[in-house]
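Novice: can't give you the sequence, but here's the structure:
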Ligand SMILES: [Zn+2]
């Protein structure tokens, strides 16, 4: 057992999400707000519990994709989602558009 409780925390409509270890949802949101220079806890910050992350020493971009979340494509810096054709290649998220350009998807 671990006492880590990992959350994916960020703005409900934007980028800047972080993996945060906190015992409660409110704690995770508060930590994000503090790290991002928000004086008060904004309503639009959401925290999604990620049990699969509790055992991971480090949360990589691939882990975000596996959780069904988006992560920056290593090629173009746009957000990549598995649901939109992204893949994890050599442990790195690559978006569907870049895969097309590279001819990896027929
Ligand atoms: Zn890309």
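Specialist: Received the coordinates, thanks. On a predicted model such as this, the values are computed, not experimentally measured, just so you know.

Novice: mind naming the longest helix for this structure?
Specialist: The longest helix of the chain (DSSP state H) is helix 25-35.

Novice: in that one, which residues are buried?
Specialist: Buried residues in helix 25-35, counted by 16 or more other Cβ atoms under 10 Å: 28-33. Where C-beta positions appear, they are placed from N, C-alpha and C, glycine not excepted.

Novice: let me see the domain layout of this protein.
Specialist: Domain assignment of the chain by automatic domain parsing yields the ranges 1-56, 60-106.

Novice: which residue is the nearest non-sequential neighbour of the most centrally placed residue in the chain?
Specialist: The centre of the chain sits closest to residue 64, judged by Cα atoms, centre = their mean, with a distance of 4.2 Å. Leaving aside its chain neighbours, residue 64 sits nearest to residue 71 (3.9 Å; criterion: Cβ to Cβ, 6 or more residues apart in numbering).

Novice: correct me if wrong, but residue 83 is in a helix.
Specialist: Yes: assessed with DSSP: H, G, I helix; E, B strand; the rest coil, residue 83 lies in a helix.

Novice: and it, how far from residue 70?
Specialist: Look at residue 83 and residue 70: by Cβ to Cβ, to the nearest Å, they are 9 Å apart.

Novice: pick out whichever of the two has more residues nearby.
Specialist: The residue with more neighbours, out of residue 83 and residue 70, is residue 70; 22 against 10, by other Cβ atoms under 10 Å.

Novice: burial of the spatially closest residue to that one that is not a sequence neighbour, as a residue count?
Specialist: Nearest residue to residue 70, sequence neighbours excluded (Cβ to Cβ, 6+ apart): residue 79, at 4.0 Å. Counted with other Cβ under 10 Å, residues neighbouring residue 79 total 18.
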